[in-house]
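>>> Mind folding the following:
(2 chains)
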Amino acid sequence: ELKVEQNPLFLSMQEGKNYTIYCNYSTTSDRLYWYRQDPGKSLESLFVLLSNGAVKQEGRLMASLDTKARLSTLHITAAVHDLSATYFCAVDWGETSGSRLTFGEGTQLTVNP
Amino acid sequence: NAGVTQTPKFQVLKTGQSMTLQCAQDMNHEYMSWYRQDPGMGLRLIHYSVGAGITDQGEVPNGYNVSRSTTEDFPLRLLSAAPSQTSVYFCASSRDGNQPQHFGDGTRLSIL
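Numbers count the residues shown, from 1 in each chain, chains lettered A, B, ... in the order given. As a prediction, the model looks like this:
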């Protein structure tokens, strides 16, 4: 059974600070996805990481994937209040690529002024 | 550009009732999935499909049925609702593994 663990589960940080969210998974996979969810809303795709060493950046967020360590990171640079949300990583382990995802529990991020 | 459309948005059922949650996408995506999200938890995969006529079980399939007769539609049926099925249900679709899944707005289901 694939296990996907995120840490921390809760993160409160000040505006302007940097922090990293970690996503560890228990089985071989070279596809990992990051999503954002605002309270009461649906999920919005942030990044798709498709190979070992993949790095993607969008604004103040940067995601990376190390398939050998079975680890992905989501780095937040100079946080702003608008980044407050819950962030999920999801690992693909389907026989058909991208068909079967297991999600982490989510990291609830609060950015304080 | 509708994307993934789920209906209804809210539903209250009594224990033992059956119902179908509808999901439709207009992006010609082959892959479709149903998830449930419980408070404080991530999403758990119920059933998924890699194309019309092809479905398979996810992590938590018991109590749910699916079918995929067309590319566009992927309904989820609750056979005999139980309070443990109270949850928010999300449908998602994607073209392939190189693209992210697109999620619908969700159906908030309460079973009394």
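
>>> Could you list the contact residues of chain A toward chain B?
A:4, A:31, A:33, A:35, A:41-45, A:48, A:50, A:88, A:90, A:92, A:94, A:96-106 (CB under 8 Å from any CB of the partner chain). (C-beta placed from N, C-alpha, C; glycine too.)

>>> can you tell me which of these are in strands?
A:4, A:33, A:35, A:43-45, A:48, A:88, A:90, A:92, A:101-103 (DSSP state E).

>>> Of these, which qualify as buried by neighbour count?
The neighbour-count criterion (16 or more other CB atoms under 10 Å in any protein chain shown) marks A:Val4, A:Tyr33, A:Tyr35, A:Leu43, A:Ser45, A:Val48, A:Phe88, A:Ala90, A:Asp92, A:Leu101, A:Thr102, A:Phe103 among those as buried.

>>> how far away is the residue nearest the centre of chain B from B:Leu109?
When chain B is reduced to its mean C-alpha position, the closest residue under CA atoms, centre = their mean turns out to be B:Trp34, at 3.1 Å. For B:Trp34, the distance to B:Leu109 under the criterion CB to CB, to the nearest Å works out to 12 Å.

>>> Need the residues touching each of these two.
Shared contacts of B:Trp34 and B:Leu109 (CB atoms under 8 Å, 6 or more residues apart in numbering or on different chains): B:Leu21, B:Tyr89.

>>> Could you list the low-confidence segments of the chain?
Using chain A here. Along chain A, the parts satisfying pLDDT under 70 run over A:96-98.

>>> other chain: chain B
For chain B, applying pLDDT under 70 flags the ranges B:1.

>>> all strands for it, in order.
With DSSP E as the criterion, chain B has strands at B:4-7, B:10-13, B:19-25, B:31-37, B:43-51, B:54-57, B:64-66, B:76-78, B:87-94, B:102-103, B:107-111.

>>> Take those and write them to TSV, including distance to chain A.
Compiled in TSV, the strands of chain B are given as follows (distance: least, CB to the nearest CB, whole Å):
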stretch	distance to chain A
strand B:4-7	9
strand B:10-13	12
strand B:19-25	13
strand B:31-37	5
strand B:43-51	4
strand B:54-57	8
strand B:64-66	14
strand B:76-78	16
strand B:87-94	6
strand B:102-103	5
strand B:107-111	9
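
>>> okay, those, which one's buried deepest?
Ranked by average neighbour count under the criterion mean count of other CB atoms under 10 Å in any protein chain shown, those are headed by strand B:31-37 at a mean of 26.

>>> just checking, what packs against that strand?
The helices and strands touching strand B:31-37, judged by 3 or more CB pairs under 8 Å, 6 or more residues apart in numbering or on different chains; DSSP states H and E, are strand B:19-25, strand B:43-51, strand B:87-94.

>>> try 6 Å this time
Under the contact criterion of 3 or more CB pairs under 6 Å, 6 or more residues apart in numbering or on different chains; DSSP states H and E, the helices and strands touching strand B:31-37 comprise strand B:43-51, strand B:87-94.

>>> out of the ones you listed, which comes closest to B:Lys9?
Put simply, out of the helices and strands packed on strand B:31-37 the one that sits nearest B:Lys9 is strand B:87-94, at 10.3 Å, with distance taken as CB to CB.

>>> the inter-axis angle of the closest one versus strand B:31-37?
Going by axes from the mean of the first three to the mean of the last three CA atoms, to 10 degrees, strand B:87-94 is angled at 160 degrees with respect to strand B:31-37.

>>> And strand B:87-94, how far out from the chain middle?
Here the centre of strand B:87-94 is set off from its chain's centre by 5 Å, with CA atoms, centre = their mean, to the nearest Å.
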